[in-house]
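> Got a predicted structure plus its sequence, pasted below:
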Amino acid sequence: MLEIYVDADACPVKDEVYRVARREGLKVWVVTNGGVRIPDDPLVQRVIVPEGLDRADDWIAERAGRGDITVTADVPLASRCVKRGARAVAPDGKAFTETSIGQQLATRNLLTSLREAGTIRGGGRPFTRQDRSRFLGALDHAIQSIRRTGK
């Protein structure tokens, strides 16, 4: 059964995931090390992992595989999931794929280095309605593609 794994602590599209999962009859794993609230729905399960670096990422990466979808903005986590055969979608609708993940990791590492060196400052751009809309389209596309191909 297709399952959706949500890297939940900073995820701005959890409600959208719940809505789509309910409509499509999909199991959702909401993985957090904090107190993220979830709807009262038997298809939605919250997993609270211990505090610590990458604990939620490790839980997701150990379970998500072929025919599953991971929702995360974390490029290293997306890379781990894609290597296991899962689909990975960022909250802004960008897909992480086998062909794009290397470039996405390199860009992430470069930007991290530039921030650490003080060359660039500030965070990313604000999350927009268009990002939310792109995410819904990307999630729907991933679900339909998995149902068509089984992967």
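Good, I have the coordinates.

> which stretches of the protein form strands?
Taking DSSP state E as the criterion, the chain contains strands spanning 3-7, 27-32, 44-48, 69-71, 87-89, 95-96.

> Let me have the ones you listed in CSV, extended by mean neighbour count and mean pLDDT.
Yep, even glycine has a C-beta here, placed from its N, CA and C like the rest. Written out in CSV, the entries for these read as follows (neighbours: other C-beta atoms under 10 Å; pLDDT from 0 to 100):
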stretch, mean neighbour count, mean pLDDT
strand 3-7, 25, 98
strand 27-32, 22, 98
strand 44-48, 16, 97
strand 69-71, 28, 98
strand 87-89, 27, 97
strand 95-96, 20, 94
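
> can you tell me which of the ones you listed comes nearest to residue 151?
Distances from residue 151 to each of those were compared using C-beta to C-beta; the minimum, 8.6 Å, belongs to strand 87-89.

> residues touching the residue positioned nearest the centre of the chain, list them.
Nearest to the mean C-alpha position of the chain, counting by C-alpha atoms, centre = their mean, stands residue 71 at 1.7 Å. Taking C-beta atoms under 8 Å, 6 or more residues apart in numbering as the contact definition, residue 71 lies against 4, 5, 6, 7, 11, 13, 17, 88, 89, 90, 91, 139.

> Residue 93 and residue 51, how far apart?
Distance of residue 93 to residue 51, given as C-beta to C-beta, to the nearest Å: 30 Å.

> And for residue 32?
For residue 32, the distance to residue 51 under the criterion C-beta to C-beta works out to 11 Å.

> List the residue ranges of this structure that fall below the pLDDT cut-off.
Across the chain, the stretches falling below the confidence threshold (pLDDT under 70) are 106-112, 114, 123.

> Could you rerun that using 80?
Of all residues in the chain, those with pLDDT under 80 make up the ranges 101-102, 104-117, 120-124.

> which one of the contacts of residue 71 is nearest residue 55?
Set against residue 55, the nearest of these by C-beta to C-beta is residue 7 (11.2 Å).

> Excluding covalently adjacent residues, which one is nearest to the closest one?
residue 72 (3.7 Å; C-beta to C-beta, 6 or more residues apart in numbering).

> returning to that earlier point: which one, of the strands of the chain, ends up nearest to residue 135?
Checking the strands of the chain against residue 135 by C-beta to C-beta gives strand 87-89 as the closest, at 6.8 Å.
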